[in-house]
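In: give the three-dimensional model of this entry:
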Amino acid sequence: QVQLVESGGGSVQAGGSLRLSCAASARTFSDYSMGWFRQAPGKGREFVAASWWSDRSASVAGPVKGRFTIARDNAKNTVYLQMNSLTPEDTAVYYCAGGVRGSGFKDWGQGTQVTVSS
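Out: So this is what the prediction gives:
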């Protein structure tokens, strides 16, 4: 099991930017697929973005494509979520998740709140 610690959440006005970080305790971080999910009040958890261990490719969900970017620094055991052009609809608790190789996202962080005001 890997421990994940998110940081970088906060409050921002619409149109602003935030960068979330997720530090992992994994011994071989490069073997992990890492993802970001979010849960808005009264809604289910939804996929935001992922960085895949197998081919180092990235996936980004439709609602945030073109605004959010996922990146990882394997030397720092950290994955980032750069969020630009934020809207109030992006308000949610954002969770980092990880899983070794093809095991799926089994490990989760505690979440970090992002609030976007209009």
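In: any figure for the gap between G104 and S7?
Out: Noted for G104: a distance of 24 Å to S7, by CB to CB, to the nearest Å. For the C-beta atoms, the positions are set from N, CA and C on the backbone; glycine is no exception.
In: show me what contacts V48?
Out: Residues in contact with V48 (CB atoms under 8 Å, 6 or more residues apart in numbering) are 35-38, 60-61, 64, 68, 81, 94.
In: restricted to strands, list those residues.
Out: Among these, DSSP state E puts 35-38, 60, 68, 81, 94 in strands.
In: T112 is in contact with Y94, isn't it?
Out: Yes - if you go by CB atoms under 8 Å, T112 and Y94 touch, sitting 5.4 Å apart.
In: identify the contacts common to the two.
Out: Taking CB under 8 Å, 6+ apart as the criterion, T112 and Y94 both touch 6, 9, 20.
In: was I right about the second one contacting Y95?
Out: Put plainly, it is G9. No - between G9 and Y95 there is no contact under CB under 8 Å: 10.7 Å.
In: higher neighbour count, these two?
Out: Between G9 and Y95, counted using other CB atoms under 10 Å, the more crowded position is Y95 (22 against 19).
In: re earlier: in CSV: the ones in strands among the contacts of V48, plus distance to W53 and neighbour count.
Out: Formatted as CSV, the ones in strands among the contacts of V48 follow (distance: CB to CB, whole Å; neighbours: other CB atoms under 10 Å):
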residue, distance to W53, neighbour count
G35, 11, 24
W36, 15, 26
F37, 17, 22
R38, 22, 24
V60, 17, 18
F68, 20, 20
L81, 17, 28
Y94, 21, 23
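In: closest one of those residues to W52?
Out: G35 (9.0 Å; CB to CB).
In: name whatever forms a beta bridge with that closest one.
Out: Applying DSSP bridges to G35 gives these bridge partners: A50, A97.
In: which residues does it contact?
Out: Here G35 is in contact with 47-51, 96-98, 105 (CB under 8 Å, 6+ apart).
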